[in-house]
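>>> Structure for this input, please:
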Amino acid sequence: MRRFDLVTLKLFVTIADEGRLTAAAEREHLALAAVSKRVRDLESLVGTTLLYRRSRGVELTPAGQAFLHHARRILENIERLQAELSEYGEGIKGHVRIHSNTSAIIAFLPQDLSAFSRRYPEVKIDLQERISTEVIAAVRDGLTDVGIFAGHVAAPELQVMPYRSDRLVLMTPRDHPLAGRETLDFQEATAYDFIGLQQDTSLQSLLHEQANRAGRSLRMRIQVRSFDAICRMIHHGMGVGVLPQRTIYRDLRDLELCSIPLADPWARRELVIGVRRYDTLPVIARHLVDHLVEEEES
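Sure, this is the predicted structure:
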């Protein structure tokens, strides 16, 4: 088996595609006699017949079908190897697609993607903001290379890696009855009107689920599309709201808000990276995943 060579593998694939030795010889710029000899030598090497010789051409035997399958994979892997090595030699170029939920985009990705861009300045990053369920669907359907989403949302078809964690906090106006608390359980807050995100976001679904488990219901007064809008509604006394802690630091300077950590175990929320299969990602996308995982570990 060590006598296999890439020329013969490529020739065999061409024979399978063309169905005739003459056509394969022309396509590969070889003499017909040379093609015939390579096929005979190959069959002798593997110890079985790979082609049926017909009056109008050739057909693959069952062994030939198996050999064709592996030959194609070997040639594809060689092409991928050459492509990846050329990228290292010329400098990594190209683009990578990433879909992420809002929490990661606000709290973590700006610094992480900035560091990645400094390391790989020729790489274009296509970042799109989506809710977690949409991120998972986009990765599953091949619409993006990498997804970042809330870890409590099921993604059984994806390969998932830890990215970052954050704690959920209750936001209140400064003059609210709960504003002086150092920490509290979520069910205590359900006695008040809530400002929240649109219904299909992972955070909103989590809050409704936890309220139901506690035998409570959320008194949703207003639902908006951004964390900024939630903070501004709370600032004007419209209710309270739950947000990831790392997403609200910039608003506290301008708005009269209080941030109270939730004591519930589920309030520590994990963000994860999801891909279809890490080992089949484009090399640039693998570099990005490696970089994000490194940032999580550092």
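
>>> Local confidence estimate at Y192?
Among the per-residue scores, Y192 shows a pLDDT of 96.

>>> do T247 as well
T247 is assigned 84 on the pLDDT scale.

>>> any idea how far it lies from F12?
The span separating T247 from F12 equals 57 Å under the rule CB to CB, to the nearest Å. The C-beta positions use only the backbone N, C-alpha and C, and glycine is treated the same way.

>>> can you check I105 too?
Applying CB to CB to I105 and F12 gives a distance of 49 Å.

>>> Which of those two has more residues huddled nearby?
More neighbours sit around F12 than around the other of I105 and F12, counting by other CB atoms under 10 Å; the figures are 24 against 19.

>>> Find me whatever residue is spatially closest to the more buried one, sequence neighbours aside.
In space, and not counting its chain neighbours, F12 is closest to A71: 5.6 Å by CB to CB, 6 or more residues apart in numbering.

>>> check contacts around that neighbour.
The neighbours of A71, taking CB atoms under 8 Å, 6 or more residues apart in numbering as the test, are 9-10, 12-13.

>>> Go again with 10 Å.
Contacts here follow CB atoms under 10 Å, 6 or more residues apart in numbering; on that basis A71 touches 4, 6, 8-13, 16, 64.

>>> Show the residue spans covered by the strands in the stretch 1-150 of the chain.
51-54, 57-60, 94-100, 123-129, 146-150 (DSSP state E, counting those that start in this stretch).

>>> just checking, what packs against the first one?
Just to be clear, that refers to strand 51-54. Contacts of strand 51-54 with other secondary structure elements, assessed using 3 or more CB pairs under 10 Å, 6 or more residues apart in numbering; DSSP states H and E, are made with helix 6-18, helix 32-46, strand 57-60, helix 62-90.

>>> shouldn't Q128 be in contact with V146?
No: with contacts defined as CB atoms under 10 Å, Q128 does not count as touching V146, sitting 11.1 Å away.

>>> any common contacting residues for the two?
A shared contact of Q128 and V146, defined by CB under 10 Å, 6+ apart, is any residue touching both; here these are 97-100, 135, 138.

>>> ok, the residues you listed vs Q198, which is closest?
V135 (15.1 Å; CB to CB).

>>> Let me know the pLDDT of the closest one.
Confidence per residue is given as pLDDT, and for V135 that number is 96.

>>> With distance to S36, mean neighbour count and mean pLDDT as extra columns, can I get the strands of the stretch 1-150 of the chain in a markdown table?
Compiled in a markdown table, these are given as follows (distance: least, CB to CB, whole Å; neighbours: other CB atoms under 10 Å; pLDDT from 0 to 100):
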| stretch | distance to S36 | mean neighbour count | mean pLDDT |
| --- | --- | --- | --- |
| strand 51-54 | 10 | 13 | 93 |
| strand 57-60 | 11 | 16 | 94 |
| strand 94-100 | 42 | 21 | 90 |
| strand 123-129 | 48 | 14 | 91 |
| strand 146-150 | 49 | 27 | 97 |
